[in-house]
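Participant: Sequence and predicted model, in that order:
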Amino acid sequence: MFEALSNRLDAAWKTLRGQDKISESNIQDALREVRRALLEADANLQVVKGFVEEVKAKAQGADVVSGVRPDQQFIKIVHDELVALMGETGVPLAHADPGPTVVLMAGLQGTGKTTAAAKLALHLRKQERTALLVATDVYRPAAIDQLVTLGKQISVPVFELGSDANPVDIARQGVEQAKADGVDTVIIDTAGRLQIDQAMMAELAQIKQTVQPQEVLLVVDAMTGQEAATLTRTFHDDIGVTGAILTKMDGDTRGGAALSVRSISGQPIKFIGVGEKVEALQPFYPDRMASRILGMGDVLTLVEKAQEEVDMEEAEKMQEKILSAQFDFNDFLKQTRLLKTMGSLGGLAKMIPGMNKISGDQLQQGEVQLKRAESMINSMTLEERRNPELLSSSPSRRRRIAQGAGYGLNDVSKLVSDFQKMRSLMQQMGQGNMMPGMGGMPGMGDMFGGGMPGTGGGMPGMGGGMPGWRGYQSNSGGKKKKKGKKKKGFGSL
């Protein structure tokens, strides 16, 4: 996400390195690079002009801060302006009282609208809000079946009357059903078109008038760049939307959509889709997005993802095992599987400050090495997993594992050796800033065959010494974990 934009902005900072202070003369090259970076990211031209002028004015008027380099000061100014451009603060989803809250999903075909409706329903369920999906797309083949399938996948009911019913009637009866069942939120999936047309707009307007939604969310493809902002403005002028959901933010998006939507359409981005999985939906926070764009990571979102997945009671047991050097291969498997539930290795790495320079090839190699390690561990007996020392002293055991996993004896020997080193290092670092529940697995960089330089044991689930995590807290409001058990806060990290 935003890799090309981040790299371009890096070039802007370099023009100020070695300077004593920010001046009108020495920021010209930096501003030129910023302008070029935003235009290549497909941000709207007028937005770019306004942004650069604001940065220039703020930079020239900035007081010199003792101990802060000009390039660092310039980065701070750009960061603050990016936040302002994207809307200052995140705008939460409406919550009607009394309910139900009605959310109308709109958009063109191919933007991931139906999947986004299911993602939103799952997001609400995690917040302990009940949801009902309503299928009104009677035109696209299998659209209703797709929503029903997604609903079953996330255990959210779907209201549908088949493809012969009138979409307006389906929406009205869906809301009535939600009221009767005491459902908190109704999410209405509407039909899309290949392009905006009068029939589409008329049907949307009629559904909106009938159900009186609290939210009208336009789902737009982030890969369309500034066109996403133009589309949002068009829908808002014709129908009236309350916000946008940007999908495919994990793809080869250049960033222009995220930078332009608020300024051009006047409507906020409320959520972003960051993957194909139904869990891959995140609330949009301008400050966090600005940090990602500038390569500063996004620790708060990472903490929130961990909070959703981590069983804190299990985390305490894991920490005790780490401190007593009893961490075994079974625990390793738990941590790697936890990592998978949180998302891709690359997606998580980009949220950690300082890891934005890791290339896609290096991340892919890391994924491969994780799979190799998991395959070899799966070839071990239960006793060998519980007692790794058995493998250190037995070449025949390692040879059997290698044959079973389809790897060489040296591969298994290296896995065992690295694991023993890692376990020893984990015990030494156990008193440090280790993230509870993530296994704190420093030294995992060794198990990647050097393929992930810079990890330094900092990946959640793969490296516990995450400097700077202490004191971070999620602003998610202290959610309850599954099965009714309360999660502890992360303030003591």
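Facilitator: Right, received. Where do you want to start?

Participant: quick one: low-confidence ranges for the protein?
Facilitator: For the chain, the stretches flagged by pLDDT under 70 are 1-4, 17-20, 61-68, 251-254, 295-316, 318-319, 321-325, 340-363, 426-493.

Participant: Quickly list the domain ranges of it.
Facilitator: The chain breaks down into these domains under automatic domain parsing: 3-86, 101-300, 302-470.

Participant: so which of the ones you listed gets nearest residue 92?
Facilitator: domain 101-300 (7.3 Å; CB to CB). All C-beta spots, glycine's among them, are computed from the backbone N, C-alpha and C.

Participant: ok so, going back, I'd like the domains of the chain laid out as TSV, including distance to residue 93 and mean neighbour count.
Facilitator: Shown next, in TSV, are the domains of the chain (distance: least, CB to CB, whole Å; neighbours: other CB atoms under 10 Å):
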stretch	distance to residue 93	mean neighbour count
domain 3-86	18	17
domain 101-300	6	20
domain 302-470	16	18
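
Participant: will you turn the ones you listed into JSON lines that also has distance to residue 95?
Facilitator: Formatted as JSON lines, the domains of the chain follow (distance: least, CB to CB, whole Å):
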{"stretch": "domain 3-86", "distance to residue 95": "23"}
{"stretch": "domain 101-300", "distance to residue 95": "6"}
{"stretch": "domain 302-470", "distance to residue 95": "19"}
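
Participant: give the contact list for residue 206.
Facilitator: With contact set as CB atoms under 8 Å, 6 or more residues apart in numbering, residue 206 has these partners: residue 168.

Participant: and the next element down the chain from the host helix or strand of it?
Facilitator: Applying DSSP states H and E as the criterion places residue 206 in helix 198-211. Following helix 198-211 in sequence order, the next helix or strand is strand 215-221 (DSSP H and E).

Participant: For that following strand, name the packing helices and strands.
Facilitator: Applying 3 or more CB pairs under 8 Å, 6 or more residues apart in numbering; DSSP states H and E, we find strand 215-221 packed against strand 101-106, helix 113-126, helix 226-238, strand 243-247, helix 256-265.

Participant: Is residue 280 in contact with residue 273, as I believe?
Facilitator: Yes - between residue 280 and residue 273 there is a contact under CB atoms under 8 Å: 6.0 Å.

Participant: Name the SS class of the residue nearest to residue 40 when sequence neighbours are not counted, please.
Facilitator: Of all residues not flanking residue 40 in the chain, residue 8 sits nearest, at 6.3 Å (CB to CB, 6 or more residues apart in numbering). Using DSSP: H, G, I helix; E, B strand; the rest coil, the structure places residue 8 in helix.

Participant: tell me the contacts of residue 8?
Facilitator: Residue 8 touches 33, 36, 37, 40, 41, counting by CB under 8 Å, 6+ apart.

Participant: now swap in residue 38 and tell me
Facilitator: If you count contacts by CB under 8 Å, 6+ apart, then residue 38 has 5, 47, 48, 51, 52, 256, 259 around it.

Participant: Closest one of the residues you listed to residue 27?
Facilitator: In terms of CB to CB, no member of the contacts of residue 38 lies closer to residue 27 than residue 52, at 10.5 Å.

Participant: does residue 270 count as helix, strand or coil?
Facilitator: For residue 270, the assignment made with three-state DSSP gives strand.

Participant: Do I have it right that it meets residue 94?
Facilitator: No - Residue 270 lies out of contact with residue 94 (CB under 8 Å); the separation is 9.7 Å.
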